[in-house]
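Participant: using only what follows, build the 3D model:
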Amino acid sequence: EIPLRLVGSEMCIRDSILKNATEQKYSDGGGLYLYSKGLGEDGRARGSWVYRYTYLKKRWDLGLGSVEAVSLKDARAARDRWAAWMKATGGKPHDEIERLEREQDSKRNARTLAQIAPEAFASIQATLKDGGQAGRWESPVKLYVLPALGHMDVEAISQADIHKALSPIWHSKHPTAKKALNRLSTIMKYAAASGLSVDLNAIPNAKVRLGAVNHKPVPHPALPVPEAVRLYQSLDPENTVQRALMLYLLIGGGVRLKPVRMAHVNEFEGDVWTVPGENMKGKEGKTDSFRVPLTDEMKALVQRSAEDCRGGYLFSSKRDGQPANGKRVPVISDQAIENIMRDCEKRWEWSEAYRPHGVRACFRSWVSEMYPNSYAVAETALAHSVGSIVERSYSRSDFLEQRLQLLQSWERILQGEGESSEVVQLLRMR
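Facilitator: Residues are numbered from 1 along each chain as shown. Alright, predicted model coming up:
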């Protein structure tokens with residue numbers, strides 16, 4: 001062990017000592033020591049500063065740096081800071097240094113919410129329709145979560161942060177805010193599964209703080225039957241977009257717009273249109289295909305569409321050019337179909353903003369009035385699940401023949417061959 005040399009009665013190291021230091025231990029008092037290794041070739045002292053303290057009756061030595069890098073003045077300042085810290089906290093300097101180092105490591109390895117969000121999205125992408133390409137899953141996150149929380153370390157996000165981010169829209173845009181909160185929960189769970197120390201209770205606690213909402217969903221207005229007839233008879237079957245809307249009206253909006261827009265010639269065989277599960281509403285890979293019975297008018301529209309389609313898609317877009325990188329031929333958008341009804345709204349001065357989804361309510365209301373005993377058939381026509389899981393496991397009919405009769409009656413209404421208010425003979429539902 002290097003011998004200890006006490007410098008003066010006050011045990012104080014002078015600058016002159018550093019110029020003539022030998023290999024020994026010098027005390028500066030107050031627990032500060034210089035462990036000298038003598039002078040180097042440049043004539044400067046070599047060694048290290050050490051702060052010696054007692055904690056729980058045990059002696060500890062804390063390195064303060066080399067004498068080359070830390071001056072005597074700075075070494076004394078460090079000793080005084082640690083002595084004051086111990087007096088104020090009663091803690092152990094070594095433990096505090098380890099805590100600070102862990103904190104620094106955590107900052108260096110911090111993952112922000114903006115970094116985690118794309119990874120969380122990728123982990124569930126396979127369960128989303130079209131791999132989430134439509135952007136509907138990410139949209140609430142990008143609009144309302146990331147602008148407020150994206151820069152934050154995901155481990156530091158608290159219920160207060162979440163409350164602050166979503167409170168502006170919690171009541172005014174509650175459905176959107178609820179989606180944003182659910183998406184954030186998915187991201188936080190992914191972060192936890194990745195080994196990050198996140199507060200999973202922050203989501204439910206923030207929801208409690210956001211409070212209850214008396215939100216009443218407003219459904220799409222149902223298109224009146226007379227207006228449905230008027231709309232259908234105004235459409236031109238030679239126009240691709242209008243022809244798609246004609247087919248949508250004929251099926252009573254049963255399979256929604258996407259299956260109509262994405263309809264492919266290979267899905268049609270005889271009097272049946274089989275919509276693949278990936279085009280139906282539901283979870284990716286867990287939705288069954290759906291059969292739609294075709295009336296004569298529907299088959300005529302399909303035949304007309306097949307004559308000039310691109311890539312086999314009945315309602316392919318007329319945009320120039322060919323798809324690149326193996327992508328499918330572009331099809332008409334749902335906005336293009338909706339715009340037709342927007343134009344009718346202005347031209348005919350509709351009292352409400354009727355849109356394609358309102359066709360489904362129109363058809364379903366008409367069936368309830370004309371065929372009140374056909375609940376299962378009507379719900380199946382709209383591709384709704386009927387009954388519980390147990391009931392569906394036994395009742396496996398899709399009522400194809402009965403739905404054909406229903407759609408034939410509806411077709412006659414749209415063509416003006418019958419009155420929606422007349423009393424008709426109820427279908428015999430097997």
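Participant: Phe268: how many residues sit nearby?
Facilitator: 20 (other C-beta atoms under 10 Å). Every C-beta, even on glycine, is put in place using the N, C-alpha and C of the backbone.
Participant: phi first, then psi, for it.
Facilitator: Per-residue torsions, Phe268: phi -110, psi 130 (degrees, to the nearest 10).
Participant: contacting residues around it?
Facilitator: Counting by C-beta atoms under 8 Å, 6 or more residues apart in numbering, Phe268 touches Thr274, Leu294, Val302.
Participant: ok, 6 Å please
Facilitator: Val302 (C-beta atoms under 6 Å, 6 or more residues apart in numbering).
Participant: what ranges do the helices span in the stretch 1-150 of the chain?
Facilitator: According to DSSP state H, counting those that start in this stretch, the stretch 1-150 of the chain carries its helices in the segments 15-19, 72-89, 93-108, 113-124, 139-140, 146-149.
Participant: compare those helices and give me the one nearest Arg59.
Facilitator: Closest of the helices of the stretch 1-150 of the chain to Arg59 is helix 93-108, at 12.1 Å (criterion: C-beta to C-beta).
Participant: just how off-centre is the closest one within its chain?
Facilitator: Computed by C-alpha atoms, centre = their mean, to the nearest Å, the chain-centroid distance of helix 93-108 equals 34 Å.
Participant: list the buried residues of it.
Facilitator: Pro93 (16 or more other C-beta atoms under 10 Å).
Participant: okay, the angle between the longest strand along the chain and helix 72-89?
Facilitator: With secondary structure taken from DSSP state E, the chain has its longest strand at strand 45-55. Relative orientation of strand 45-55 versus helix 72-89 (axes from the mean of the first three to the mean of the last three C-alpha atoms, to 10 degrees): 10 degrees.
Participant: can you tell me the strand partners of strand 45-55 and which way each runs?
Facilitator: Take DSSP bridges as the rule and strand 45-55 pairs in its sheet with strand 32-39 (antiparallel), strand 58-66 (antiparallel).
Participant: which pLDDT value belongs to Met11?
Facilitator: On the pLDDT scale, Met11 is placed at 54.
Participant: cool, and Gln322?
Facilitator: 53.
Participant: ok, Phe399 - how many residues close by?
Facilitator: Neighbours of Phe399 (other C-beta under 10 Å): 22.
Participant: go on, Ile340?
Facilitator: 18.
Participant: other SSEs contacting the longest helix along the chain?
Facilitator: Assignment by DSSP state H gives helix 174-193 as the longest helix of the chain. Counting by 3 or more C-beta pairs under 6 Å, 6 or more residues apart in numbering; DSSP states H and E, the packing neighbours recorded for helix 174-193 are helix 113-124, helix 139-140, helix 159-170.
Participant: closest to Arg412 out of those helices?
Facilitator: helix 139-140 (41.6 Å).
Participant: chain center to that closest one: distance?
Facilitator: Worked out by C-alpha atoms, centre = their mean, helix 139-140 lies 7 Å from the chain centre.
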